[in-house]
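Asker: sequence and predicted structure are below.
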Amino acid sequence: AVAAVPYAGIAEEMNQSEELIALGADAAVEESSEHAEAGESDTGSSDESESDGQALDGSDGPEALPQGPAQESEAATPDGGVSTLASKSYTITNFSDLKAAVADTDSSTAQGDTITFVIKNDIVFTEVIALPWNRSSVFVAEGGSWNLTWAGPAADSGWEGSARHFLSYGTADHAQTITFNAGLTIDGAGRGGGLSIGTGGSAPNYVNDNYNCTIVLNGATFTNCVTAQSGGAISIDDYTPSNKLELKSGAISNSRATGDGSGGYFRGGHGGGVFFGGDTITLSGARIENCRTDTLDGRSGGGIYVDANARFAFTAGTITGCTAAVGGGLGLNGGSALDFTGGSITDSVAYNEQQNQGENGFGGGIGAYGATMSVSGTATVSGNTGRHGGGIFGGGGTAITLGGGALVDSNQAASITDWSLTSPVHS
């Protein structure tokens, strides 16, 4: 059923009274009990020091292949295709190797080159790595499957980028692509981790005028990542309008955005798995699962949050088991556009523990405000729960088009009494 309900605001940017459209009946929400969050550690910097390991050739730096000027070569991709990769390849067996390799690229490669990091061991990160600017980076696992585990500062009220595995940016003159291939797990260990593009602050080789980055998830997994701001595993901010994110295969799992930190809008804590504020995001086969925002103050997009004016092409893949106050699986901000033609959003929950506020349980599967949404083809929205719009909720003039065989089914607007934030209850 389609029902119109009055509403007084979804989030900070949703502060106008509007008539809203909800797919699914409304239901009263009972007063929830106080929720105790699962105990992620927030104890500050790890005392673990980085390894002093040497390269395979016995030198103090990483093994760099080939030596001398950068040369183009053909390399097989994980899906069996062939890509043209420029220039330099580094073998990485420990964190010291990675730091030295990144430093070496400044003098040994040119802007526009592609740098391949061949990971041959588990790596423990004790600080953020600012990837080579204006150069593309490819991460490849060799000889096994390897974990890149965050052991640096815990995500807290400090600068957003200080608790990530990776930061990077491009410029208008030299676009760059950062690709994470199969066999790699980027593990935030429940205290930080992941990737940030263009989120303010200051760090070596890092500025705020970031654009022309394309991030590709090509079989790797981001898991257990936490941010005190937005985008638990991957954050691409809305100051970077030409950036792109391609979620081809692999997974983003068990990650969250708390919104506890500083940083203006990014303190909002949107996007438990992904915060995207660039140009185009595509989901064509990856799995986003068990991600969440802290469900206060209209925080949106438990799995993925798409910010103003960005476009989202969802053709295959899954968003499942995610939780947020608005848009348990997917949150869409004003001016964004969703073209959902395949894949599924399932078993996600829209819930707000502040029961006395209006920002309460809008869109278990998809929650949108002032967006444009087309759901067609083989797209599926099923098994989701929210107070208003168990499957899909649209407010603030959101235009929703359903057709072409899409399935919006078995969602419900349910009474909520005591749902765990870490393990949402799905009816």
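Answerer: Great, that's in hand.
Asker: drop to CA atoms for contacts and neighbour counts, all remaining ones
Answerer: Noted.
Asker: where are the low-confidence patches of this protein?
Answerer: Residues of the chain meeting the criterion pLDDT under 70: 1-86, 157-161, 169-174, 199-211, 238-241, 260-267, 295-297, 353-360, 415-427.
Asker: can you give me the neighbour number for Gly386?
Answerer: By the criterion of other Cα atoms under 10 Å, Gly386 has 41 neighbours.
Asker: residues contacting it?
Answerer: Contacts here follow Cα atoms under 8 Å, 6 or more residues apart in numbering; on that basis Gly386 touches 349-351, 361-364, 412-414.
Asker: which of the residues you listed lies closest to Thr149?
Answerer: Proximity of the contacts of Gly386 to Thr149 (Cα to Cα) peaks at Val349, which lies at 28.9 Å.
Asker: I'd say that closest one and Gly364 touch.
Answerer: Yes. The pair formed by Val349 and Gly364 meets the contact definition of Cα atoms under 8 Å, at 4.5 Å.
Asker: what touches both of these two?
Answerer: Contacts common to Val349 and Gly364, judged by Cα under 8 Å, 6+ apart, are 323, 327-329, 384-386.
Asker: now Ser374: which helix or strand?
Answerer: strand 372-375 (DSSP states H and E).
Asker: where along this structure do the helices fall?
Answerer: 95-108 (DSSP state H).
Asker: Val306 pairs with what?
Answerer: Phe276, Leu332 (DSSP bridges).
Asker: who's in contact with it?
Answerer: 275-277, 312, 330-333, 336.
Asker: do that again at 10 Å, thanks
Answerer: By Cα atoms under 10 Å, 6 or more residues apart in numbering, the residues touching Val306 are 236-238, 270-271, 274-281, 300, 312, 330-338, 368, 371.
Asker: what does Gly183 give?
Answerer: 78, 119, 139-147, 218-221, 250.
Asker: try 6 Å this time
Answerer: Neighbouring residues of Gly183 by Cα atoms under 6 Å, 6 or more residues apart in numbering: 141, 145.
Asker: my guess is Glu127 contacts Gly152. True?
Answerer: Yes. Using Cα atoms under 6 Å, Glu127 is in contact with Gly152, at 5.2 Å.
Asker: which of these two has more neighbours?
Answerer: Just comparing Glu127 and Gly152: by other Cα under 10 Å the higher neighbour count belongs to Gly152, 25 against 21.
Asker: state the distance from the residue lying closest to that one once chain neighbours are set aside to Ile119.
Answerer: Using Cα to Cα, 6 or more residues apart in numbering and skipping the chain neighbours, the partner closest in space to Gly152 is Thr126 (4.1 Å). According to Cα to Cα, to the nearest Å, Thr126 and Ile119 sit 17 Å apart.
Asker: mind checking which of those two has more residues around it?
Answerer: Neighbour count, other Cα under 10 Å: between Thr126 and Ile119, Ile119 has more, with 26 against 22.
Asker: tell me what the more buried one is bridged to.
Answerer: Ile92, Ala141.
Asker: now it: how far from Leu247?
Answerer: For Ile119 relative to Leu247 (Cα to Cα), the value is 21 Å.
Asker: am I right that Val216 is in contact with Lys244?
Answerer: No. Applying Cα under 6 Å, one finds Val216 not in contact with Lys244, separated by 8.5 Å.
Asker: comparing the two, which shows the higher neighbour count?
Answerer: Comparing Val216 with Lys244 by other Cα under 10 Å, the one with more neighbours is Lys244, at 24 against 20.
Asker: wait, what's in contact with that one?
Answerer: 214, 279-281.
Asker: where along the stretch 101-250 of the chain do the strands fall?
Answerer: 114-119, 123-125, 129-130, 136-141, 146-150, 166-168, 176-181, 184-187, 195-197, 213-223, 226-227, 234-236, 244-253 (DSSP state E, counting those that start in this stretch).
Asker: select, out of the ones you listed, the one closest to Ile400.
Answerer: Nearest of those (Cα to Cα): strand 244-253, 23.7 Å.
Asker: so that closest one versus strand 213-223, what angle?
Answerer: If you take axes from the mean of the first three to the mean of the last three Cα atoms, to 10 degrees, strand 244-253 sits at 0 degrees to strand 213-223.
Asker: residues contacting the residue nearest to Leu131 when sequence neighbours are not counted?
Answerer: What sits nearest to Leu131 in space, not counting adjacent residues and going by Cα to Cα, 6+ apart, is Ser168, at 5.2 Å. By Cα under 6 Å, 6+ apart, Ser168 lies in contact with 130-131, 197.
Asker: which of those has the most neighbours?
Answerer: Top of the contacts of Ser168 by neighbour count (other Cα under 10 Å): Ile197, with 29 neighbours.
Asker: is that one in contact with Gly231, as I believe?
Answerer: No. The criterion here is Cα under 6 Å, and Ile197 misses it with Gly231 at 10.5 Å.
Asker: quick one, what contacts the closest residue to Ser89 other than its chain neighbours?
Answerer: Nearest residue to Ser89, sequence neighbours excluded (Cα to Cα, 6+ apart): Thr116, at 4.6 Å. By Cα under 6 Å, 6+ apart, the contact set of Thr116 is 89, 137-138.
Asker: got it, and Thr109?
Answerer: Contacts of Thr109 by Cα under 6 Å, 6+ apart: none found.
Asker: likewise Leu407?
Answerer: Per Cα under 6 Å, 6+ apart, neighbours of Leu407: Thr380.
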